[in-house]
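Chemist: pasting a predicted model and its sequence here:
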Number of protein chains: 2
Amino acid sequence: MKRESLLDDVRSRVDARLAGFFELKRLDAERISKESVVVVDEIASLTMRGGKRVRPAVLFAGLRCASDAATLADVLDACAALELLQSYLLIHDDWMDSDAERRGGPTTHVSLARHYADPHRGASVAILAGDLASAWSLELLAGARWPRGRELEGSRAFARMQEEVVLGQHLDVVGHRDVALVHHLKTGSYTVRGPLALGGILGDADEIQLDALEAFGEPMGIAFQLRDDLLGTFGDPAATGKPTGNDLRAGKRTALIEEAEKALFGTIRGPLDAVLGHAEATDEQIAVATKLLVDCGAKARVEARLDTMLEDAARALDGGTLRTGGVAMLRELRESLARRDR
Amino acid sequence: MKRESLLDDVRSRVDARLAGFFELKRLDAERISKESVVVVDEIASLTMRGGKRVRPAVLFAGLRCASDAATLADVLDACAALELLQSYLLIHDDWMDSDAERRGGPTTHVSLARHYADPHRGASVAILAGDLASAWSLELLAGARWPRGRELEGSRAFARMQEEVVLGQHLDVVGHRDVALVHHLKTGSYTVRGPLALGGILGDADEIQLDALEAFGEPMGIAFQLRDDLLGTFGDPAATGKPTGNDLRAGKRTALIEEAEKALFGTIRGPLDAVLGHAEATDEQIAVATKLLVDCGAKARVEARLDTMLEDAARALDGGTLRTGGVAMLRELRESLARRDR
C-alpha cells in the first residue's frame, strides 16, 4: 500500500458520505424554515472545508485489527459520526477560545455574528449549531453495521469519549497546569483511543484485542497532541490554517510552554511573557518568543517526548493479538501522523 | 391509583438514581482535578433541586402501554437520561436567553460567572457543563434494559429528539413568528413525543402501538407548552420558580403574544410593547400588560386551544391497541399536566 493512501481513501469515502448526509439535512431544514438552513449550512461548511479525517481512518484501522471481513462501507456512518462530533467540539471550543479562524475560514460564531449582526445571537446560534452536530453524530453512529449484542457497548464508548473530551476542554479553559492530563483527556480520548475502541467494537474484537488497541492508542494520542502543539507554534500557517503565533497569543498552555517554564527563570522569560495571552503582540515579538522556545531547549524536549511516544506506540503493535491487515494500517497512520504538517 | 401518585412514585425513584449517579461522577471527578468537581456539582445542583420528572413518567407510561411485564427498574437509567438531557438543554438555553434564575436558584452560567469572577469563563464552563450532561445522558441511556435488536432504534429516537429540540430552540432564539412550529419542535419532541417513543421501544412496542403513542403525544406536547406559556405570565412565581413577567420582559414569543397580536392593533398595543423585551420594565407596567392579555381575549383563546389539545389527546387513547395499564397512566398524566401550576 502506498504511503498516505489509507488516509486518502478513507477521506474521499467519508467526504462523500458527509456530503450526502448534509444534502438530506438541508432538504429537511428547507421544509422547516429558511432560518434552519442557515444552521445546516454553517455545520456543512465547517465540516466539508477541511479536516484530515484522521479519526475515521483510526476507526477503520481499529476495525481491521479485529476483523478481516469487515469493510469501510460497514462503518462509514460511524466514521462520519466522528467528524460530526469533531465539528461539534470545534464550534464550541472556538467560541470559548474567541478564535476567529478555523480550517481557512471564519469560525462558526464569527460567521453567525456577522449574519445576525449581533455577537450574542451569533454565539447562541453557534452553540446550537454545535448541539445539532452532536445530535447528528448520534444519529450517524446508529447507522453503522453493529455486531449483534455490541450496540450498547458502542454507545458507552462514544459517551465516554465525549465525557473525557469535555472534561479535558474544561481543564484547558480554566488553565489547568497539568498539560499531560489535559492532553490525555482532551485530545487522546476522541482522536485515537476512542475511535480505535469504536472500531474494535464494530469489528467484534475480544477483550485482549481491545486492550492491545488501548495500549497503542494511549501513547499515539499523546504523540498526536504533542505534534499539534509543535505545529501551533512552529507550523506553516498556510498548511495549518491557523495564523502564526496563534497558540502564544491565545495564552494556550501547551507542552512547549510547560517545558519552557521548567527551563527559564526570572527576566529571561520576558520575551515569552510579553506575548503569552496577549492578543495584540506584534509579529516581531512572536518571532523573538518563538526563537526563545528553541534556544531554551523546549522544542527539542517536546520533540524527544514525541519520539518516545511514537516508539511506545510501535512496540504496542508487536503483541500478535491483532489482525495483520489492521496492524499495517496502524503503522501507516503512525508514520503519517508523525510527519504531518497540518 | 391515587392522583399524582404516578408522578410522585417515578420522581422519588428517578431522584434516587440520579443522586447515586452524581455521587459516582463526583468521585471520578475528584480523581481528575478539584476543578472538575465544580462542574459536576453545578450539574448535580441544577438537576436535583427541582424538576417535575414529567419526562421519566411519560417514558414509563409509554413502556407500560406496550408491556405489562416491564418495570420501572428496567428503564430507570433511560428515565435519568431524560433528566440529564433536560439539564443540558436548560443550561444552554438559560445562557442564550440571559436568564438569571432557574428552579429557584441561579442559572448555571450566572453561578459559574460568580465562581470564576469572569462572565466569559463562566459562560464557557456552563456550555461545557451542558455538554457534559449531554454525554452523561448518552451513558445512562445505554444503561437501560433494551429489548434485543431495538437498541439502534432507541438511539435514533433519542437523536431525533435532540435534533428537533435544538432546531426548535434555534427558531426561538431568532424570534421565528410561527409559535406552533417552535412548540412542536422545541417542547413537543423531548417532553412528550420523544419520551413516549423511547418508552414504547423499550417495551418492545409494535408499529401500531408506536403510532398510537405518537397520536397521543403530539397534542399532549402542544398542551404542555401552552400550559407553560400561560404559567410564564399568569403563574405563581413561588410555584414556577421564575419571576413574574419573566416571559414578557425576555420578549419571548409565546402563544399569548401571538394571540394578542391578532387581536390588538395600533396604539392599543402600547402597554404590551412597553414591556415586551424590556428587561427594565416595572412591576406596574407588567401588571398592566398582563391585564391587557386577559382583556383582549388572548388568555381565553390559549386556554381554549389547550382544552382542544387535551381532548384530542384523550381521544387518541380510545383505539384499543395499547395495554390498559399504560393507558391509565397516560390518562393520569394528562390530568396532572392539565392542572399543573409549575
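Modeler: Arrived safely, thanks for sending. Here the structure is a predicted model, which means the values were calculated and not measured.

Chemist: residue contacts, A:R55?
Modeler: For A:R55, the contact set (C-beta atoms under 8 Å, 6 or more residues apart in numbering or on different chains) comprises A:C79, A:L82, A:E83, A:Q86, A:Y190, A:T191, A:P195. Every C-beta, even on glycine, is put in place using the N, C-alpha and C of the backbone.

Chemist: cool, and A:E259?
Modeler: With C-beta under 8 Å, 6+ apart, A:E259 has these contacts: A:C296, A:G297, A:A298, A:R301, A:V302.

Chemist: backbone dihedrals for the nearest residue to it once chain neighbours are set aside, please?
Modeler: Spatially, and ignoring its direct neighbours in sequence, A:E259 is nearest to A:A298 (3.8 Å; C-beta to C-beta, 6 or more residues apart in numbering or on different chains). Phi and psi for A:A298, reported as degrees, to the nearest 10, are phi -60, psi -40.

Chemist: ok, A:A298 to A:L248 distance?
Modeler: 12 Å (C-beta to C-beta, to the nearest Å).

Chemist: hmm, back to that, of the contacts of A:E259, just say which sits nearest to B:R17.
Modeler: A:V302 (44.9 Å; C-beta to C-beta).

Chemist: list the buried residues in the helix-or-strand element of chain A with minimal mean pLDDT.
Modeler: In chain A, the helix or strand scored least confidently by mean pLDDT, DSSP states H and E is helix A:237-240, which has a mean of 80. Neighbour-count burial for helix A:237-240 flags A:T240 (criterion: 16 or more other C-beta atoms under 10 Å in any protein chain shown).

Chemist: give me the distance between the next helix or strand after it and the centre of its chain.
Modeler: Next helix or strand after helix A:237-240 toward the C-terminus (DSSP states H and E): helix A:246-249. Averaging C-alpha positions (C-alpha atoms, centre = their mean, to the nearest Å) puts helix A:246-249 18 Å from its chain's average.

Chemist: which bits of the stretch 101-250 of chain A sit near chain B?
Modeler: By C-beta under 8 Å from any C-beta of the partner chain, the residues of the stretch 101-250 of chain A that approach chain B are A:116, A:120-121, A:124-125, A:127-128, A:131-132, A:134-136, A:138-139, A:141-142, A:146, A:148-149, A:151-152, A:155-156, A:158-160, A:162-163, A:166-167, A:169-171, A:173-174, A:176, A:178, A:181, A:185.

Chemist: narrow those residues to those in helices?
Modeler: Mapping these onto helices (DSSP state H) picks out A:116, A:120-121, A:124-125, A:127-128, A:131-132, A:134-136, A:138-139, A:141, A:151-152, A:155-156, A:158-160, A:162-163, A:166-167, A:169-171, A:173, A:181.

Chemist: now these: which count as buried?
Modeler: Buried among those by 16+ other C-beta under 10 Å: A:116, A:121, A:124-125, A:127-128, A:131-132, A:134-136, A:138-139, A:141, A:151-152, A:155-156, A:158-160, A:162-163, A:166-167, A:169-171, A:173.

Chemist: state the distance from A:L27 to A:F21.
Modeler: 11 Å.

Chemist: likewise A:L276?
Modeler: In terms of C-beta to C-beta, A:L276 sits 40 Å off from A:F21.

Chemist: so what does A:P106 have for phi and psi?
Modeler: According to degrees, to the nearest 10, A:P106 has phi -70, psi 150.

Chemist: to clarify, my last question referred to A:G105.
Modeler: phi -140, psi 180.

Chemist: got it, and A:E101?
Modeler: phi -120, psi 150.

Chemist: quick check: it touching A:P237?
Modeler: No. Using C-beta atoms under 8 Å, A:E101 is not in contact with A:P237; the gap is 9.5 Å.

Chemist: A:G251 belongs to a helix?
Modeler: No. If the criterion is DSSP: H, G, I helix; E, B strand; the rest coil, then A:G251 is coil and not within a helix.

Chemist: surely it and A:D273 touch.
Modeler: No. Using C-beta under 8 Å, A:G251 makes no contact with A:D273, being 10.4 Å away.

Chemist: could I get the full set of strands for chain A?
Modeler: A:101-102, A:105-106 (DSSP state E).

Chemist: so which of the ones you listed is nearest B:L333?
Modeler: strand A:101-102 (45.3 Å).

Chemist: and that closest one, what other elements does it pack with?
Modeler: Other helices and strands packing on strand A:101-102, by 3 or more C-beta pairs under 8 Å, 6 or more residues apart in numbering or on different chains; DSSP states H and E, are absent; none qualifies.

Chemist: okay, now the sheet partners of that strand, with direction.
Modeler: Sheet pairing of strand A:101-102 (DSSP bridges) gives strand A:105-106 (antiparallel).

Chemist: quick one: contacts of the partner strand?
Modeler: Under C-beta under 8 Å, 6+ apart, the answer for strand A:105-106 is A:S45, A:L46, A:R49, A:A100, A:S111, A:R114.

Chemist: in helices, which of those residues appear?
Modeler: When DSSP H defines the helices, the subset of those inside them is A:S45, A:L46, A:S111, A:R114.
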